[in-house]
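Colleague: predicted model and sequence follow; I will ask about them next.
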Amino acid sequence: MQKIALGRTGLQVSRIALGGYPFGGLNRANNWDPWSEEGRKSAIATVNHALDLGINYIDTAPAYGEGNSERLIGEVMKTRREECVLATKVRWDGVGKAEVIASVHDSLKRLNTDRLDIVQFHGGMFSAEEYEHIVKGGPLEGLLELQQKGEVGFIGLTAEEPWTARQFLKHKEFDVFQLAYNFIYQSAARHILNEAKEENVGVVTMRTMTSGIFQRGARYLAPDWQKAKDLFQVCLEFVLSDSRVHSAIVGMRWPEEVDLNVKLVNDFHPAFDFAQLPRMTVDVYRAQDAE
């Protein structure tokens, strides 16, 4: 699989990343239980298969199934740690330096490793007060101490509301930004992606497949769309078509899902850079006039 430099980190990462949420989330409708013996075996097989096919970026979090996702991935890390860029997350709300350090140490144990390539503050949106707490109230200090010890490689954050992550761009300690950006939620395109590119930070997408929201809505409003083209494929191709994005996180439960997504990525060649897509009426008019 094609690899790309993750911004200024220099880490070479695959264009899609294996998202760890499914290994901590129950989905009875699809007969998915990552706590069952069958589910555990499937999850471990999926991680191994992803690595076999060249997906070398794995993203997880302690909050995914109260550590279940990390533990399952950790089973594979016992023998294949050097084959991947491993990222997890840490809480920041209501905690200080000591709690952040303890959380990372717990993740290291569950993941069966002595170092993490990326640790991200696990966030939805950040108010000015919350930003101040992270950078001045202890959480960032905790990760910087672990970074100095070699237990953490790079520091990042995740943001459901991408514009609230902009305030962190001025801090050079933050090298990776995981942003909600997809076909139906394109706020990041106007409010942070250009600035992120200028700062040369790593950009990874969360909600790449819209968490199934687009597909579920289309079922009610335009059921024929899915017959015309797989809407999950549309979502992945959209993100892969934006030159400002380095890697797209995709949750995969079974090895066959890995096969499907890897084939899609390897076969896809963007015809247009969606970084250039007009997103204001005046810009749409100008683009039409230019055509």
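Modeller: That came through fine.
Colleague: can you get me a residue count around S211?
Modeller: As a burial measure, S211 scores 16 neighbours (other Cβ atoms under 10 Å). The C-beta positions use only the backbone N, C-alpha and C, and glycine is treated the same way.
Colleague: same question for W225.
Modeller: 15.
Colleague: residues contacting it?
Modeller: Contacts for W225 (Cβ atoms under 8 Å, 6 or more residues apart in numbering) come out as 218, 231.
Colleague: distance of it from F214?
Modeller: As judged by Cβ to Cβ, to the nearest Å, W225 and F214 stand 10 Å apart.
Colleague: list the residues that contact both of those two?
Modeller: In contact with both W225 and F214: L231, using Cβ under 8 Å, 6+ apart.
Colleague: how many residues are close by V284?
Modeller: Using other Cβ under 10 Å as the criterion, the residues surrounding V284 number 12.
Colleague: name the nearest residue to it, ignoring sequence neighbours.
Modeller: P278 (4.6 Å; Cβ to Cβ, 6 or more residues apart in numbering).
Colleague: quick check, the one you found in contact with A287.
Modeller: Yes: using Cβ atoms under 8 Å, P278 is in contact with A287, at 4.8 Å.
Colleague: what pLDDT does the model give P62?
Modeller: With respect to pLDDT, P62 has a value of 98.
Colleague: next one: phi and psi at the residue lying closest to it once chain neighbours are set aside?
Modeller: Among residues not flanking P62 along the chain, S107 sits closest, at 5.8 Å (Cβ to Cβ, 6+ apart). Phi and psi for S107, reported as degrees, to the nearest 10, are phi -60, psi -40.
Colleague: just checking, S107 touches E70?
Modeller: Yes: between S107 and E70 there is a contact under Cβ under 8 Å: 5.8 Å.
Colleague: intersection of neighbour lists for the two?
Modeller: 62, 88.
Colleague: which of those two has more neighbours?
Modeller: Per other Cβ under 10 Å, whichever of S107 and E70 has more neighbours is E70, with 28 against 23.
Colleague: number of nearby residues for the residue lying closest to that one once chain neighbours are set aside?
Modeller: Leaving aside its chain neighbours, E70 sits nearest to R110 (3.9 Å; criterion: Cβ to Cβ, 6+ apart). Residues within reach of R110, counting by other Cβ under 10 Å, total 20.
Colleague: what does the one 5 residues further on give?
Modeller: Taking other Cβ under 10 Å as the criterion, the count of residues near R115 is 14.
Colleague: leaving out sequence neighbours, find the closest residue to it.
Modeller: E151 (5.5 Å).
Colleague: OK, contacts around that neighbour?
Modeller: Contact analysis of E151 by Cβ under 8 Å, 6+ apart lists 104-105, 108, 114-116.
Colleague: still on that earlier bit, can you report how many residues neighbour the residue nearest to V284?
Modeller: There are 12 residues near P278, going by other Cβ under 10 Å.
Colleague: which residues touch it?
Modeller: Contacts of P278 (Cβ under 8 Å, 6+ apart): 284, 286-287.
Colleague: restricting to C-alpha, output stretch 204-217 in PDB.
Modeller: Extracted C-alpha coordinates of stretch 204-217, given in PDB (Å, rounded to 0.1, in the frame of the first residue of the first chain):
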ATOM      1  CA  VAL A 204      -5.800  12.200   9.900                       C
ATOM      2  CA  THR A 205      -9.500  11.900   9.400                       C
ATOM      3  CA  MET A 206     -12.000  10.500  11.800                       C
ATOM      4  CA  ARG A 207     -15.600   9.700  10.900                       C
ATOM      5  CA  THR A 208     -14.200   9.000   7.400                       C
ATOM      6  CA  MET A 209     -17.200   6.900   6.500                       C
ATOM      7  CA  THR A 210     -19.500   9.300   8.300                       C
ATOM      8  CA  SER A 211     -20.000   6.600  10.900                       C
ATOM      9  CA  GLY A 212     -22.700   5.300   8.600                       C
ATOM     10  CA  ILE A 213     -24.900   8.400   9.000                       C
ATOM     11  CA  PHE A 214     -24.800   9.300   5.300                       C
ATOM     12  CA  GLN A 215     -25.600   5.800   4.300                       C
ATOM     13  CA  ARG A 216     -28.500   5.600   6.700                       C
ATOM     14  CA  GLY A 217     -29.900   8.900   5.700                       C
END
